[in-house]
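A.B. asks: Fold the stuff below for me.
(chains A and B)
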Amino acid sequence: MKHTTESKQTKRRKQTTSSLSLQAPKALPGSPQQAYISFDELSEKAKMHAMMALDRHVLPASITRSINLLTHEKIAPVEIEKFAKQYAATVQAERDARDRTHCLAQRLLAEGDEISDFLHAALQEAFKAKRDQLVNDIDPLVLEAAERRRSELVLRRKQVQLAERRVRVSESKLRLDRKKARATIQRLEQKARRGGSLTGKEVQRIREIYGICDEKK
Amino acid sequence: MAGNSREAQSLIHDIRRGEIVWVLRQDYPHLITFRHLQLALRDRNIPLSQHDLEEYLSYLEESRYARCERFFDERESKDRIIAAALTARGILLFDRKLTDPGVRF
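C.D. replies: Okay, the predicted model is just below:
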């Protein structure tokens, strides 16, 4: 019995030691064994810093060091290199889109047409999004005509606004005239109440206010 | 503690505006559509909603670093920004000849 208990105890001891040996040793902070994070896991500040550094063609190793200093995040240079390749492809696509738009604009200019700023921007967006087929199918002149119609619509809206303003001005003028007429009549009424007689001019004024034509005329 | 987080948030906004200026500089003096700008910023790991981007662009427009073309959306009764471009003053800002507390590079 004693033998089985001992063998059980030794068995348990062996199990614990073997399980301990399977566990990796705990990494101390700052030690090389501390895990690196991927580019996506970086904070926004670190990502922006990395983007700006890539724009200035800084080496990936320097970028990882500066990120570590800035935000204390550890990223492997390999991750930065991987992202840099993707970023370079994006930048190239942007450049290509810009060049294609510029070429198209130059071609249209050579043919005597001009494309507006809006159309230029829309074409560049389309080229960037690689909607090449769509752009090839669209006649730029049709787009330009659409742009002209849009600017016509804007002008017509402005005209309507101006016309409305003119109507408002006329209405306020009419109100003012009515006010003046009422004031004149009140003055004449007061004069009549005081016993004053109206002059020919004042009678004429009353006719004008009421729109009564002179019979003699 | 709250002050620190507010400062950090403000710094993020300043850097984002700087990134917008950087993107607009690449196409100066041409206009760039709102959608294109949004996608370009997303490629630079700065995903912004329409509202946020309009906020940043409005700041740059009011400070005369950018010009924005707007369109009145009758359905939503809102003035939307449809395109933006950098101005000459924006170029000076980009070249660090001018400084602005709300824009960081």
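
A.B. asks: for the chain, what spans make up the helices?
C.D. replies: Since no chain was named, I'll use chain A. Listed in chain order, the helices found in chain A under DSSP state H are A:2-22, A:44-55, A:60-71, A:77-110, A:117-128, A:132-137, A:140-194, A:200-210.

A.B. asks: my bad, the chain I had in mind was chain B
C.D. replies: Per DSSP H, chain B has helices spanning B:2-26, B:34-43, B:50-62, B:88-94. These are given in chain order.

A.B. asks: Packing partners of the first one?
C.D. replies: Spelled out, it's helix B:2-26. Helices and strands touching helix B:2-26, as assessed by 3 or more Cβ pairs under 8 Å, 6 or more residues apart in numbering or on different chains; DSSP states H and E, comprise helix A:44-55, helix B:34-43, helix B:50-62, strand B:66-73, strand B:78-86, helix B:88-94. Using the backbone N, CA and C atoms, a C-beta is placed for each residue, glycine as well.

A.B. asks: before we move on, the earlier item: Serialize the helices of chain B to a markdown table and add fields for mean pLDDT.
C.D. replies: Listed next are those as a markdown table, based on pLDDT from 0 to 100:
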| stretch | mean pLDDT |
| --- | --- |
| helix B:2-26 | 88 |
| helix B:34-43 | 92 |
| helix B:50-62 | 96 |
| helix B:88-94 | 96 |
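
A.B. asks: Can I get those in CSV including mean neighbour count and distance to A:D177?
C.D. replies: Below are the helices of chain B laid out as CSV (neighbours: other Cβ atoms under 10 Å in any protein chain shown; distance: least, Cβ to Cβ, whole Å):
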stretch, mean neighbour count, distance to A:D177
helix B:2-26, 16, 54
helix B:34-43, 19, 49
helix B:50-62, 17, 43
helix B:88-94, 18, 49
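
A.B. asks: I'd like those written out as CSV, with distance to A:R149 added.
C.D. replies: Formatted as CSV, the entries for the helices of chain B read as follows, by distance: least, Cβ to Cβ, whole Å:
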stretch, distance to A:R149
helix B:2-26, 28
helix B:34-43, 21
helix B:50-62, 26
helix B:88-94, 31
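
A.B. asks: one step back: any idea which of the helices of chain A is most buried?
C.D. replies: Mean neighbour counts were compared across those using mean count of other Cβ atoms under 10 Å in any protein chain shown; the top stretch is helix A:117-128, at a mean of 21.

A.B. asks: Once you drop chain neighbours, what's closest to B:R44?
C.D. replies: A:M51 (5.1 Å; Cβ to Cβ, 6 or more residues apart in numbering or on different chains).

A.B. asks: circling back to that earlier point, right, and the helices and strands packed on helix B:2-26 - which one's nearest A:K128?
C.D. replies: Nearest to A:K128 among the helices and strands packed on helix B:2-26 is helix B:34-43; the distance by Cβ to Cβ comes to 6.3 Å.

A.B. asks: which residues are in contact with the closest one?
C.D. replies: Identification of contacts with helix B:34-43 by Cβ atoms under 8 Å, 6 or more residues apart in numbering or on different chains yields A:87, A:90, A:94, A:121, A:124-125, A:128-129, B:16, B:19-20, B:23-24, B:32, B:47-48, B:50, B:53, B:80-84.

A.B. asks: and if we set it to 6 Å?
C.D. replies: By Cβ atoms under 6 Å, 6 or more residues apart in numbering or on different chains, the surrounding residues in contact with helix B:34-43 are A:T90, A:E125, B:V23, B:L48, B:L53, B:I81, B:I82.

A.B. asks: Please name the residues that touch the fourth one.
C.D. replies: Read that as B:L48. Under the criterion of Cβ under 6 Å, 6+ apart, the contact list for B:L48 reads B:L41.

A.B. asks: ok, now the second one?
C.D. replies: For A:E125, the contacting residues are B:T33, B:H36, by Cβ under 6 Å, 6+ apart.

A.B. asks: Flag every residue of chain A that's near chain B.
C.D. replies: Taking Cβ under 6 Å from any Cβ of the partner chain as the measure of proximity, chain A contacts chain B at A:K47, A:M48, A:M51, A:T90, A:D117, A:H120, A:A121, A:E125.

A.B. asks: pretty sure the second one is touching B:H13, no?
C.D. replies: No: under the criterion of Cβ atoms under 6 Å, A:M48 lies out of contact with B:H13, with a separation of 11.8 Å.

A.B. asks: For chain B, see how far away A:A35 is.
C.D. replies: 21 Å (Cβ to the nearest Cβ, to the nearest Å).

A.B. asks: Could you give the number of residues near that residue?
C.D. replies: By other Cβ atoms under 10 Å in any protein chain shown, 7 other residues sit near A:A35.

A.B. asks: per-residue confidence at it?
C.D. replies: With respect to pLDDT, A:A35 has a value of 76.

A.B. asks: Since that was my last question, I'll sign off now.
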